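**Student:** quick one: sequence plus predicted model below, questions after.
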Amino acid sequence: MTTNPKRSAKQPEHPLDDLIRTDRIPHIWCPGCGIGTAFSSCLRAIKATGLPYNRFTMVSGIGCSARGAGYIKLDSFHTTHGRAIPFASGIKMARPDLKVIVFSGDGDLFAIGGNHFIHAARRNMDLTVICVNNLTYGMTGGQVAATTPNMAKSTTTPLGNPDSPFNLPLLAYASGASYIARWTILHTRDLTTAINEAIMRKGFSFIEVLSPCPVNYGRRNKEKPIDTLKLYQDRTITKNGADPARAEIDFDRGVIIGKFIDIDRSACDDRYCEINRPCSDD
Amino acid sequence: MAFWRVPLDAQDIQITQGGVYIIDDRCKGCGYCIAFCPKDILQFSDRFNRKGYHPPVVVKPGECVNCHYCEIICPEFAIYSVEIQPVVSVK
């Protein structure tokens, strides 16, 4: 016979409390913002690798999502705007044994830092780049960004965005990244698995995470945060191995999510060691 | 859960039971855990937390199946579930 279990008197700790700076929580992200979910999924993926925590480092640029580097209880760096990837490349070349994770937003990685992104992907730097794509410049007040969909309203385009946005998986694929995936914050388990695979994959790994920005994007486009998540539930098509060229973000037609590319290509630090450090002891 | 036909081993299957813990002062009341709980066991409470939001409250405590979805969707590290080991008493 089964009886009702006794609840222990003391509340146990949150399972991620050993990886976050609990003195800084609650964090600054708005109610309904998806960055917290993407961040916690990244922490869970770090945990799931089973590697010691001192083999990880997190680098971020400027923006809402870039605050993540300040909340993780690991060695982390909050760099200047758009320069997260060059900083991370430097860490990787100096300490090739570290797993370097770049956690930043779409404005930081693709608008001001776009050039760094394509060149790191071209050289196949062994980084894990997690881009939280909230389709706008959230921190500065909702201006039109390089990823804002066509005809979406923003502070600077009140009548609708006349331009078409970047297709980030296609950009990463064309530049030569070796792992490309896109998930939303609703597909949290797949996202965690993808980040875990990306950390273990040698070479440039890029994961785009679609995330709601209820205050600066959703409010101007008449979307409550729950509506955005419902949109992610109803209007996304999971298709692993899909062609990145067909992965535009258009919720009317359906957004393709999944793991697009997973290939083996020689990474930059390996080639560098082979050519420039042929006599080193290690 | 309603079955079209009761599985033959329905009596032997043990469903995991979970206990939900909520850290009230971290919650910002986005309601994701409430909207996406597969067993609908959560609801907004009438209380306010320190920041003035309504944290969720467990309304059907025995029905959590410890799927951890509230824990992984929560952007605030404010909710988590722990498996409750069933206590089998010997007659």
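**Tutor:** Good, I have the coordinates.
**Student:** now stretch B:81-88: buried residues?
**Tutor:** B:81-82, B:84 (16 or more other CB atoms under 10 Å in any protein chain shown). Placement of C-beta: from N, CA and C, glycine included.
**Student:** can you name the residues in contact with the host helix or strand of residue A:120?
**Tutor:** Following DSSP states H and E, one finds residue A:120 within helix A:114-123. Contact partners of helix A:114-123, identified using CB atoms under 8 Å, 6 or more residues apart in numbering or on different chains, comprise A:82-83, A:85-86, A:88-89, A:109-110, A:127, A:129, A:146, A:171-172, A:175-177, A:204, A:206, A:268.
**Student:** helix or strand next in line after the strand or helix carrying residue A:256, which one?
**Tutor:** Using DSSP H and E, residue A:256 falls within strand A:255-262. Where DSSP H and E defines the elements, the next helix or strand beyond strand A:255-262 is helix A:268-276.
**Student:** quick one: that next one to helix A:114-123, angle?
**Tutor:** Interaxial angle, helix A:268-276 versus helix A:114-123 (axes from the mean of the first three to the mean of the last three CA atoms, to 10 degrees): 60 degrees.
**Student:** mind giving me the packing neighbours of helix A:268-276?
**Tutor:** Contact here means 3 or more CB pairs under 8 Å, 6 or more residues apart in numbering or on different chains; DSSP states H and E; on that basis helix A:268-276 packs against helix A:84-94.
**Student:** residue contacts, residue 76?
**Tutor:** If you meant another chain, say so; for now it's chain A. By CB under 8 Å, 6+ apart, residue A:76 lies in contact with A:57-60, A:69-70.
**Student:** sorry, I should have been clearer: chain B.
**Tutor:** Neighbouring residues of residue B:76 by CB under 8 Å, 6+ apart: A:25-27, A:36, B:26-28, B:30.
**Student:** name the nearest residue to whatever residue of chain A ends up closest to chain B, ignoring sequence neighbours.
**Tutor:** Closest approach between chain A and chain B, counting by CB to the nearest CB: residue A:36, at 2.6 Å. Closest residue in space to residue A:36, ignoring its immediate chain neighbours: residue B:75 at 2.6 Å, by CB to CB, 6 or more residues apart in numbering or on different chains.
**Student:** coming back round to it: keep only the buried residues of stretch B:81-88 that also lie close to chain A.
**Tutor:** B:82, B:84 (CB under 8 Å from any CB of the partner chain).
**Student:** returning to that earlier point: got CSV for the contacts of residue B:76, with neighbour count, pLDDT and secondary structure too?
**Tutor:** CSV is the format used below for the contacts of residue B:76 (neighbours: other CB atoms under 10 Å in any protein chain shown; pLDDT from 0 to 100; DSSP: H, G, I helix; E, B strand; the rest coil):
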residue, neighbour count, pLDDT, secondary structure
A:25, 17, 88, coil
A:26, 18, 90, coil
A:27, 22, 92, coil
A:36, 29, 95, helix
B:26, 21, 92, helix
B:27, 25, 94, coil
B:28, 23, 94, coil
B:30, 28, 93, coil
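**Student:** and residue B:18, that one's in a helix?
**Tutor:** No - under the criterion used here (DSSP: H, G, I helix; E, B strand; the rest coil), residue B:18 is strand, not part of a helix.
**Student:** and of the buried residues of stretch B:81-88, the nearest to chain A?
**Tutor:** Lowest distance from chain A to these (CB to the nearest CB) belongs to residue B:84, with 4.5 Å.
**Student:** my read: the closest one touches residue B:18, true?
**Tutor:** Yes - look at residue B:84 against residue B:18 with CB atoms under 8 Å: they come within range, at 6.3 Å.
**Student:** what's the overlap in contacts for these two?
**Tutor:** Common contact partners of residue B:84 and residue B:18 (CB under 8 Å, 6+ apart): residue B:66.
**Student:** what sits against residue A:36?
**Tutor:** By CB under 8 Å, 6+ apart, the contact set of residue A:36 is A:27, A:29, B:74-77.
**Student:** which element is the residue in chain B positioned nearest to chain A on?
**Tutor:** Minimum separation of chain B from chain A (CB to the nearest CB) falls at residue B:75, amounting to 2.6 Å. Assessed by DSSP H and E, residue B:75 sits outside every helix and strand.
**Student:** for chain B, give me the ranges with low pLDDT.
**Tutor:** Scanning chain B for pLDDT under 70 picks out the ranges B:1, B:88-91.
**Student:** what ranges does it have for its helices?
**Tutor:** B:32-36, B:69-73 (DSSP state H).
**Student:** columns mean neighbour count on top of the ones you listed, output as JSON lines?
**Tutor:** Rendered in JSON lines, the data for the helices of chain B read as follows (neighbours: other CB atoms under 10 Å in any protein chain shown):
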{"stretch": "helix B:32-36", "mean neighbour count": "20"}
{"stretch": "helix B:69-73", "mean neighbour count": "22"}
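**Student:** now for the ones you listed, which one comes closest to residue A:74?
**Tutor:** Comparison of those against residue A:74 by CB to CB identifies helix B:69-73 as nearest, at 19.9 Å.
**Student:** in CSV, list the C-alpha atoms belonging to that closest one.
**Tutor:** Presented in CSV, the C-alpha positions along helix B:69-73 are these (Å, rounded to 0.1, in the frame of the first residue of the first chain):
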residue,chain,number,x,y,z
TYR,B,69,9.0,21.3,-17.5
CYS,B,70,8.1,24.2,-15.1
GLU,B,71,11.7,24.1,-14.0
ILE,B,72,13.2,24.3,-17.5
ILE,B,73,10.8,26.9,-18.9
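**Student:** in the helix holding residue A:120, what counts as buried?
**Tutor:** Under the neighbour-count criterion of 16+ other CB under 10 Å, helix A:114-123 has A:114, A:116-118, A:120-121, A:123 buried.
**Student:** could you dump these to CSV with pLDDT?
**Tutor:** Formatted as CSV, the buried residues of helix A:114-123 follow (pLDDT from 0 to 100):
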residue, pLDDT
A:114, 94
A:116, 96
A:117, 96
A:118, 95
A:120, 96
A:121, 95
A:123, 94
